[in-house]
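Visitor: Need the 3D shape of this:
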Amino acid sequence: AQAERMTGLFINTVPMRLRLQAGLEFGELCRQARDLSFAVQAHDRLPLARIAELAGFPNGAALLQTLLVIENIPLDTSAQLPGGLGYELVHAASATNLPLLVQITPEEDGLHLLLQSQRSQLPDDFVERVLADWLRLLRDVAGLADTPVGQIGLLAPAQWAAWRARGQGPALPFVPERMPDSLADCIERSAQRHPAEPALVGGGRCLSYDELNRRANRLAHHLRALGLAPGERVALVADRSVAITVAMLAVLKAGGAYVPIDPEHPHERIAFILADAGCRFALARGAGLACVDGGGSRALDLDSDTLLAELAAQPESNPPRSHDASSPAYVIYTSGSTGQPKGVLVPHRGPLRLMQAVHAMLPAGPGDRVLQFTGLHFDMSVLEWLCAWTQGACLHLIERELTRSGEGLLALLAEQAITHVVAQPAVFAPLPPPSLSALRYLLLGGDVCPSELAERWGRGRVLLNGYGPTEASVIVTADRHEPGRAIALGH
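Guide: Presented below is the predicted three-dimensional model:
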């Protein structure tokens with residue numbers, strides 16, 4: 001009863017989700033939206049936080065990014081109040097805590113449209129483009145009832161053509177019949193062409209291409225002798241090191257698919273991945289051995305004298321191929337931020353095509369030094385060793401501690417004269433660019449690259465911003481920094 005005496009507007013936000021299908025007619029989509037808006041009103045007394053909880057969203061996660069408000073409450077400006085009181089319309093300023101809010105108010109001669117946004121998330125020019133595109137759609141909406149949703153574009157034809165041209169870089173030569181069937185084939189070719197060139201550096205050790213190839217071959221033959229089947233998944237559980245990197249190549253040569261696991265991850269996550277991937281074998285060392293102890297996988301200690309003696313008896317020749325381009329190469333597990341981690345199985349075909357793009361974006365050769373900044377459990381690591389090992393360059397490993405130290409990273413880049421680096425923009429954002437004359441190529445991926453960062457680190461070298469999901473083999477699009485022009489991705 002006391003609530004009726006309170007002054008104020010008490011409303012609740014109810015989220016709704018429409019599933020867009022390219023073949024669905026626009027009129028039917030509108031009818032579905034109408035029916036859904038009526039249906040969700042049955043939950044209009046349920047707090048938004050409770051809805052997010054029931055939907056499985058973690059605490060604090062945004063359930064919606066845009067809000068549509070239709071102010072269709074009638075207002076009688078001629079009403080007389082008791083006691084001779086009167087009122088005037090008050091114009092008030094308001095703000096939104098969402099990235100974008102759209103408010104529609106019916107008026108006598110049309111609709112009044114108001115857009116509010118948070119400038120920290122959406123710049124003004126973006127909101128202005130949204131408004132212009134939406135108004136264009138509203139003007140044509142009467143004739144679109146029978147048009148499939150997939151054929152309706154928000155952009156004007158001239159703008160659409162410009163955007164398509166912007167997203168199409170120079171065509172890369174792709175001849176399927178010349179494409180190798182295996183990632184191992186590509187690395188073996190490098191070993192044949194550059195046997196004495198350094199291929200892998202880390203922990204005070206340096207392996208030539210010939211040594212890398214022979215060591216990986218012995219482990220590959222041993223895995224086959226243990227019964228490893230083509231396409232079978234093998235866990236790699238160790239921090240970055242020469243031994244685990246050689247083991248990765250050995251699994252590919254043996255025809256298996258490697259499953260990289262970070263030994264610092266929670267035990268429950270590691271156990272889940274080993275079981276979910278069905279790993280009969282786990283190649284491990286150091287702290288990684290404890291992570292697989294007691295599980296269903298057979299652990300092979302890469303540092304044990306017993307295994308090293310067994311490997312010494314194995315052939316050093318390249319194993320015969322038991323796989324092709326459609327065979328699985330590796331399985332990367334996602335972060336699992338909204339539930340259990342999900343494994344993405346990638347066949348050889350994807351990285352093989354990525355290899356051609358890498359050669360165009362990040363050309364390298366003997367004498368170049370590519371930093372393996374990313375752990376094997378992130379797919380960016382694939383791009384790093386592809387860049388090095390398929391072009392005759394050397395892959396330099398970095399200790400985990402140095403990836404967390406800006407000063408340590410810069411010192412390493414200078415001391416080892418690193419020429420190619422792949423990392424996230426956040427790694428280089430706080431760092432001042434010192435004189436790194438050897439660094440010629442810097443690819444910042446996985447996140448938006450601010451213009452200031454690109455200008456600062458792009459001087460005197462090639463800087464690219466790339467993005468792509470694990471399912472599409474690391475990178476699907478990239479933009480090269482040009483002085484005075486903002487990076488297009490994410491803006």
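Visitor: Excluding chain neighbours, what is closest to Leu249?
Guide: With CB to CB, 6 or more residues apart in numbering as the criterion, Leu249 has its nearest non-adjacent residue at 4.2 Å, and that residue is Ala216. C-beta: built from backbone N, CA, C; applies to glycine.
Visitor: So which elements touch the helix or strand hosting the one you found?
Guide: Using DSSP states H and E, Ala216 sits within helix 209-225. On a contact count with 3 or more CB pairs under 8 Å, 6 or more residues apart in numbering; DSSP states H and E, helix 209-225 meets helix 183-193, strand 198-202, helix 242-254, helix 305-312.
Visitor: These: which one's closest to Ala486?
Guide: helix 183-193 (35.3 Å; CB to CB).
Visitor: if we look at that closest one, which residues are touching it?
Guide: Outside helix 183-193, the residues that touch it by CB atoms under 8 Å, 6 or more residues apart in numbering are 180, 199, 209-210, 212-213, 249, 252-253, 318, 321, 329, 348, 351-352, 355, 386, 389-392.
Visitor: May I see the ChimeraX selection of the buried members of those residues?
Guide: Remark: buried members of those, expressed as a ChimeraX selection using 16 or more other CB atoms under 10 Å:
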select :180,199,209,210,212,213,249,252,253,318,329,348,351,352,355,386,389,390,391,392
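Visitor: Can you list the low-confidence ranges for the stretch 151-300 of the chain?
Guide: Along the stretch 151-300 of the chain, the parts satisfying pLDDT under 70 run over 166-179.
Visitor: Look up which residues are beta-bridged to Met480.
Guide: Residue 480: Arg, not Met. Taking DSSP bridges as the rule, Arg480 bridges to Leu464.
Visitor: residues contacting it?
Guide: Contacts of Arg480 by CB under 8 Å, 6+ apart are Met361, Val462, Leu463, Leu464.
Visitor: What backbone torsions are found at the second one?
Guide: Meaning Val462. Note on Val462: backbone dihedrals following degrees, to the nearest 10 are phi -90, psi 120.
Visitor: any idea how far it is from Ile244?
Guide: Using CB to CB, to the nearest Å, Val462 is found at 30 Å from Ile244.
Visitor: More neighbours: those two, which one.
Guide: Neighbours were counted for Val462 and for Ile244 using other CB atoms under 10 Å; Ile244 has more, 23 against 16.
Visitor: ok, the closest residue to that one other than its chain neighbours - how many residues close by?
Guide: Spatially, and ignoring its direct neighbours in sequence, Ile244 is nearest to Ala238 (4.1 Å; CB to CB, 6+ apart). Close neighbours of Ala238, defined as other CB under 10 Å, add up to 27.
Visitor: mind checking how far stretch 53-63 is from the chain centre?
Guide: Remark: stretch 53-63 is offset 21 Å from the chain centroid, using CA atoms, centre = their mean, to the nearest Å.
Visitor: now that stretch: mean pLDDT?
Guide: Stretch 53-63 carries an average pLDDT of 74.
Visitor: Quick one: end-to-end length of it, please.
Guide: By CA to CA, to the nearest Å, the extent of stretch 53-63 from end to end equals 10 Å.
Visitor: can you pull the buried residues of it?
Guide: When burial is assessed from 16+ other CB under 10 Å, stretch 53-63 yields no buried residues.
Visitor: Skipping its backbone neighbours, what lies nearest Gly286 in space?
Guide: Sequence neighbours aside, Ala238 is the residue nearest to Gly286 in space, at 5.9 Å (criterion: CB to CB, 6+ apart).
Visitor: secondary structure class for His112?
Guide: Secondary structure for His112, judged by DSSP: H, G, I helix; E, B strand; the rest coil, is strand.
Visitor: ignore the last one, Pro106
Guide: Applying three-state DSSP: Pro106 is strand.
Visitor: any idea how far it lies from Leu114?
Guide: 13 Å.
Visitor: hmm, who's touching the helix or strand following the helix holding Ala216?
Guide: Following helix 209-225 in sequence order, the next helix or strand is strand 233-237 (DSSP H and E). Under the criterion CB under 8 Å, 6+ apart, residues 223, 228, 244, 247-248, 251, 256-261, 263, 270, 273-274, 277-284, 288-289, 291-292, 297, 328, 331, 376 lie in contact with strand 233-237.
Visitor: which of those residues are buried?
Guide: Buried members of the contacts of strand 233-237, scored by 16+ other CB under 10 Å, are 223, 228, 244, 247-248, 251, 256-261, 263, 270, 273-274, 277, 279-284, 288-289, 291-292, 297, 328, 331, 376.
Visitor: Just those: which are in helices?
Guide: Residues of the buried ones among the contacts of strand 233-237 located in helices (DSSP state H): 223, 244, 247-248, 251, 270, 273-274, 277, 288-289, 291-292.
Visitor: Can you report how many residues lie near the closest residue to Arg136 other than its chain neighbours?
Guide: Spatial nearest neighbour of Arg136, excluding adjacent residues (CB to CB, 6+ apart): Ala156 at 6.5 Å. Counted with other CB under 10 Å, residues neighbouring Ala156 total 12.
Visitor: And for the one 3 residues further on?
Guide: Gln159 is flanked by 15 other residues according to other CB under 10 Å.
Visitor: Distance from the chain centre to the strand or helix carrying it, please.
Guide: Gln159 belongs to helix 157-166 when elements are defined using DSSP H and E. Taking CA atoms, centre = their mean, one finds helix 157-166 lying 25 Å from the centre of the chain it belongs to.
Visitor: How about residues contacting it?
Guide: Residues contacting helix 157-166 (CB under 8 Å, 6+ apart): Gly153, Leu155, Ala488.
Visitor: Check which residues of that helix are buried.
Guide: Residues of helix 157-166 classed as buried by neighbour count (16+ other CB under 10 Å): none.
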